[in-house]
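Colleague: predicted model, plus sequence, below.
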Amino acid sequence: MDRQQIVSRDPEVMNGALVFAGTRVPVEILIQHLAAGDRIDKFLDDFPTVSREQAVGYLEMTLHQAEAA
């Protein structure tokens, strides 16, 4: 899954926040869920417009960027 299928940013969608592609769900919400100790399944239940592939893809993408820094 490439970046455009995982996340998008548009000034007219959620004030330009980074969101999961095709949704209005900011990726920050996933981070908040995980930081609170929730499992990824809880996040996906709460935000059914986000696919598991997008959520896992975002986490993997973020990990790769952190490793490259």
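Modeller: That came through fine. Numbers count the residues shown, from 1 in each chain.

Colleague: so how far is residue 58 from residue 11?
Modeller: Per CB to CB, to the nearest Å, residue 11 is found 20 Å from residue 58. Every residue, glycine included, has its C-beta placed from N, CA and C.

Colleague: ok, the two, which is more surrounded?
Modeller: residue 58 (21 against 8; other CB atoms under 10 Å).

Colleague: the more buried one - that's part of a strand, no?
Modeller: No. Counting by DSSP: H, G, I helix; E, B strand; the rest coil, residue 58 is not part of a strand but helix.

Colleague: what about residue 15, how many neighbours?
Modeller: Neighbours of residue 15 under the rule other CB under 10 Å: 8.

Colleague: check what pLDDT it gets.
Modeller: We have a pLDDT of 96 for residue 15.

Colleague: quick one: it from residue 52, how far?
Modeller: 26 Å.

Colleague: ditto for residue 26
Modeller: Using CB to CB, residue 26 is found at 18 Å from residue 52.

Colleague: now the helices: where do they sit in this protein?
Modeller: Taking DSSP state H, the helices of the chain run over residues 3-6, 27-35, 40-46, 52-68.

Colleague: can you add distance to residue 20 and mean pLDDT and give these back as a markdown table?
Modeller: A markdown table is the format used below for these (distance: least, CB to CB, whole Å; pLDDT from 0 to 100):
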| stretch | distance to residue 20 | mean pLDDT |
| --- | --- | --- |
| helix 3-6 | 7 | 96 |
| helix 27-35 | 6 | 97 |
| helix 40-46 | 11 | 97 |
| helix 52-68 | 5 | 95 |
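
Colleague: of those helices, which is nearest residue 21?
Modeller: helix 3-6 (5.7 Å; CB to CB).

Colleague: hmm, who's touching that closest one?
Modeller: With contacts defined as CB atoms under 8 Å, 6 or more residues apart in numbering, helix 3-6 is touched by 20-21, 54, 57-58, 61.
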